[in-house]
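A.B. asks: below are the sequence and a predicted model for it; my questions follow.
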Amino acid sequence: MAEESGGERNRTNAFVVSARKRTMQKLAKTAGEGMLFAVAAFVAVIVLFIFYFVARDAIPFFQIRGFSEFFTSTNWYPADQPAQFGALAIIYGSLMVTLGSALIAVPMGVAAAICLSDILPFSIRQYAKPVIEMLAAIPSVAFGFFALVVLAPLLQNNGGPLLMWAWWILVSPFLLLGVIVLSDLLTSNIRVQKRREQLHILYLILFGLLSISLLYKVGTALYGIQILTGTNALNVSIILSFMALPTIVSVSEDALQAVGRDIREGSYALGATRAETILKTILPAASSGILAAVILGIMRALGETMVVWMASGNSSHIPEPWFNYLEAIRTLTATIAGDMGEADQVTGSARFHVLFAMGLLLLVISFISNLISERIVVRQRKILSGQ
Amino acid sequence: MIKKLLQLVTLLAFTLTATANAAVGTLVIDGSTTVGPVAKTFAAYFTKKYGVRVTVSESGSGNGAKSLINGSCTIAAMSRAMKAAEIGAARSKGVNPVAHVVAYDGLAMVVHPANPVRSLTKAQISSIYRGIITNWREVGGPNARIVVIQRESNSGTEESFKELVAGKGIQITGNAETQSSNGSVKSRVSTTLSAIGFLGLGFVDRSVKVIAVNGVLPNVTTVKNGSYPVTRPLFFYTNGQPSGSVKQFLELPNTAEGKRMISELGFINR
């Protein structure tokens, strides 16, 4: 008995910590936690400081010139006497290329992510993903040089045919689908008794033929287009979409992977096909992550400067008609980069502060879209967890 | 302990003075992309001959002036004269800008080699840049919309162009594209059929076609005798009268070797 209790005591002693050691541990714990908190707080403080310093230099502009000119006029003549600071065309240009690049990059990026995560075999994915991520490592000035020296002349000289081919590639799945359905309808000898159903099928065939000819018409019309200047919104949208792609692909592929094997296998076990599993199970489950990827990609496009400065043509006017992607435009980022050299408080106060006003506008736009994406992600998570 | 600290301080002081001494031996040039080639060629020659390190950055005439005022460069390369506002700013910071003419430059109006237009008047060019003339047909060319290419507001070439051709105080059309250097203007014009742009004479080569202004083509003779209407001096600005290696550097345009380098680069000697 005595031996046993002695062993017991030894064992408990092994876990008893001396008072001195305990205080040391407590101190270390507080210090460690404090350090981590300080680092996290530091990051938050940096963001606040950026906001503060940009706003500090932006507000004087609105005090001098008011709001209406900046947001409603398209006359951008900061160096003239008297100067004009209408930034509407520039804001429009920024939104235009952001939208354009999103239209190209989001479908491509999400499709590529699905392909990587659920369709390609593992051995290929292992190589494909790093290669796509390499795109992010190319410096933006190299992209800009490519846009200016290769893509711009290409668009000018072969713009029409290029647009036509892009169009055919885009609509070829629909065309194929239409042809399959039509041939199916024409060759099958369904015995249709009712007149109404016969008419229905006739309409279907007519509609199919009509839409195919419409697609063809659009294709030939695109072929005839002569692009006047290669440094235009289309050029920049294409290049920006390439720059946003690695972010979108990589982050949404991670989101798709995070859905997990059990859900996939559950879906297959219920008899769903691969298409059904991808479209109805995996995509909804990963949608919040994909949305985050899309927002990140769009932010990359909105904030990009060098490519836009080199390849957008930098002409501050709203294209005519407003959706004409084949005209040169100017963006907020490029204007800040291009005009900062000359502008300082010495040569004209408003001219200096207007660039900060643009910077503040960019900050506010990205802040709002981050906030929105955060909201959507939280809501999505709630819906998925069944609350 | 204190002894060691003192040693450390003296060591630091030594290295600091050493780097400061080294800094005296280097020249920093900042400014115009037009003057850039001259500055770079001079720099290479100067370093080879005198062993003085010269760094050249090309950030536009406006930036050159700013760097000189802020004391971050020894020589500001500018393709236009300093503006009154800049001189005022310099004086208020105790900097006394002194201009040295390096060379003369003709501002060449350039179009795509396939463009049949050979000559434009100053008034026509001004109308094109104001957006009044928008089609080459109106000036005797093919039926194509004109792609107007200008330089950014930071550029001395842009200021010279406004002053000498387009007319001071005019508003260049919002449809005009903006490029950030002579090189990118040339690359845009050489690849765009219906483009018009302007370049420093030294940047002109066969990839673009120079058109005559008021019937005169820019070349050494017409720029030197002033019959080409768009001629301007190129400057090096220093803070006060130069001395030492800066003075040596600024005397390069007077030497035979310097003159050869300037004319090889396509600019015109004083």
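C.D. replies: Done, it's in.
A.B. asks: can you show me the helices along the stretch 151-300 of chain A?
C.D. replies: A:152-187, A:195-223, A:233-258, A:261-269, A:274-276, A:283-303 (DSSP state H, counting those that start in this stretch).
A.B. asks: pick the most deeply packed of those.
C.D. replies: Scoring the helices of the stretch 151-300 of chain A by mean neighbour count under mean count of other CB atoms under 10 Å in any protein chain shown gives helix A:233-258 as the most buried, with a mean of 24. From N, CA and C alone the C-beta is placed, and that goes for glycine too.
A.B. asks: which SSE is immediately downstream of the strand or helix carrying residue B:85?
C.D. replies: Under DSSP states H and E, the secondary-structure element containing residue B:85 is helix B:84-92. Using DSSP H and E, the helix or strand that directly follows helix B:84-92 along the chain is strand B:97-111.
A.B. asks: what's in contact with whichever helix or strand comes after that following strand?
C.D. replies: Toward the C-terminal end, the helix or strand that comes next after strand B:97-111 (DSSP H and E) is strand B:119-120. For strand B:119-120, the external contacting residues (CB atoms under 8 Å, 6 or more residues apart in numbering or on different chains) are B:109, B:128, B:139, B:211, B:212, B:213, B:214, B:215.
A.B. asks: for those residues, which two are the farthest from each other?
C.D. replies: Considering CB to CB, no two members of those lie farther apart than B:128 and B:215, which are separated by 17.0 Å.
A.B. asks: and the longest helix belonging to chain A, what does it pack against?
C.D. replies: Using DSSP state H to assign secondary structure, the helix with the most residues in chain A is helix A:19-65. Helix A:19-65 makes packing contacts with helix A:349-384 when contacts are defined by 3 or more CB pairs under 8 Å, 6 or more residues apart in numbering or on different chains; DSSP states H and E.
A.B. asks: the helix it packs on and chain B, are they touching?
C.D. replies: No: remark: helix A:349-384 sits outside contact range of chain B, by CB under 8 Å from any CB of the partner chain, the gap being at least 8.9 Å.
A.B. asks: may I see the buried residues of that helix?
C.D. replies: Buried positions in helix A:349-384, judged by neighbour count with 16 or more other CB atoms under 10 Å in any protein chain shown: A:350-363, A:365, A:373, A:377, A:380.
A.B. asks: and stretch B:141-153, what's buried?
C.D. replies: By neighbour count on 16+ other CB under 10 Å, the buried set for stretch B:141-153 is B:141, B:146, B:147, B:148, B:149, B:150, B:151, B:152, B:153.
A.B. asks: if we can go back for a sec, of residue B:128 and residue B:215, which one has the most company?
C.D. replies: A direct count of neighbours by other CB atoms under 10 Å in any protein chain shown for residue B:128 and residue B:215 places residue B:128 higher, at 24 against 11.
A.B. asks: so the more buried one makes contact with residue B:145?
C.D. replies: No: with contacts defined as CB atoms under 8 Å, residue B:128 does not count as touching residue B:145, sitting 11.1 Å away.
A.B. asks: ok and the residue in the stretch 1-150 of chain A nearest chain B?
C.D. replies: With distances taken as CB to the nearest CB, the stretch 1-150 of chain A approaches chain B most closely at residue A:79, which sits 4.3 Å away.
A.B. asks: burial measure for that residue, as a count.
C.D. replies: Neighbours of residue A:79 under the rule other CB under 10 Å: 20.
A.B. asks: same check on the one 3 residues further on?
C.D. replies: In terms of burial, residue A:82 registers 6 neighbours under the definition other CB under 10 Å.
A.B. asks: make sure it is indeed in a strand.
C.D. replies: No: according to DSSP: H, G, I helix; E, B strand; the rest coil, the state of residue A:82 is coil, so it is not within a strand.
A.B. asks: now do the strands in the stretch 51-200 of chain B.
C.D. replies: Taking DSSP state E, counting those that start in this stretch as the criterion, the stretch 51-200 of chain B carries its strands at B:53-58, B:75-78, B:97-111, B:119-120, B:147-151, B:177-179, B:195-200.
A.B. asks: just those strands: most buried one?
C.D. replies: Using mean count of other CB under 10 Å, the stretch among the strands of the stretch 51-200 of chain B with the greatest mean number of neighbours is strand B:75-78 (a mean of 30).
A.B. asks: near chain A, anything from that one?
C.D. replies: No: using CB under 8 Å from any CB as the criterion, no contacts between strand B:75-78 and chain A are found, and the smallest distance is 12.5 Å.
A.B. asks: and that strand, which strands flank it?
C.D. replies: Strand B:75-78 sits in its sheet next to strand B:26-31 (parallel), strand B:231-239 (antiparallel), going by DSSP bridges.
A.B. asks: turn those strands into TSV, columns for mean pLDDT, distance to residue A:97 and mean neighbour count.
C.D. replies: Shown next, in TSV, are the strands paired with strand B:75-78 (pLDDT from 0 to 100; distance: least, CB to CB, whole Å; neighbours: other CB atoms under 10 Å in any protein chain shown):
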stretch	mean pLDDT	distance to residue A:97	mean neighbour count
strand B:26-31	89	31	23
strand B:231-239	91	36	24
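A.B. asks: quick check: which of the ones you listed is nearest to residue B:175?
C.D. replies: Across those, residue B:175 has its closest neighbour in strand B:231-239 (26.0 Å, CB to CB).
A.B. asks: now the angle from the closest one to strand B:195-200?
C.D. replies: Angle of strand B:231-239 versus strand B:195-200, following axes from the mean of the first three to the mean of the last three CA atoms, to 10 degrees, is 50 degrees.
A.B. asks: what bits of the chain have low per-residue confidence?
C.D. replies: Let's take chain A. Residue ranges of chain A with pLDDT under 70: A:1-15, A:188-194, A:341-348, A:384, A:386-387.
A.B. asks: that's the other chain; I wanted chain B
C.D. replies: Within chain B, the segments meeting pLDDT under 70 span B:1-25.
A.B. asks: look up phi and psi at the spatially most central residue of chain B.
C.D. replies: Centroid check for chain B by CA atoms, centre = their mean gives residue B:34 as the closest residue, at 3.0 Å. Backbone torsions of residue B:34, given as degrees, to the nearest 10, read phi -70, psi -40.
A.B. asks: residues from the stretch 51-200 of chain A in reach of chain B?
C.D. replies: A:74-81, A:89, A:148-149, A:152-153, A:156.
A.B. asks: identify the farthest-apart pair in these.
C.D. replies: Among those, the pair separated by the greatest distance (CB to CB) is A:81 and A:153, at 37.2 Å.
A.B. asks: show me where chain B has helices.
C.D. replies: For chain B, the helices identified by DSSP H occupy B:2-24, B:36-50, B:61-70, B:84-92, B:122-130, B:156-161, B:182-191, B:220-224, B:244-250, B:256-264, in order along the chain.
A.B. asks: most tightly surrounded among these?
C.D. replies: Using mean count of other CB under 10 Å, the stretch among the helices of chain B with the greatest mean number of neighbours is helix B:61-70 (a mean of 27).
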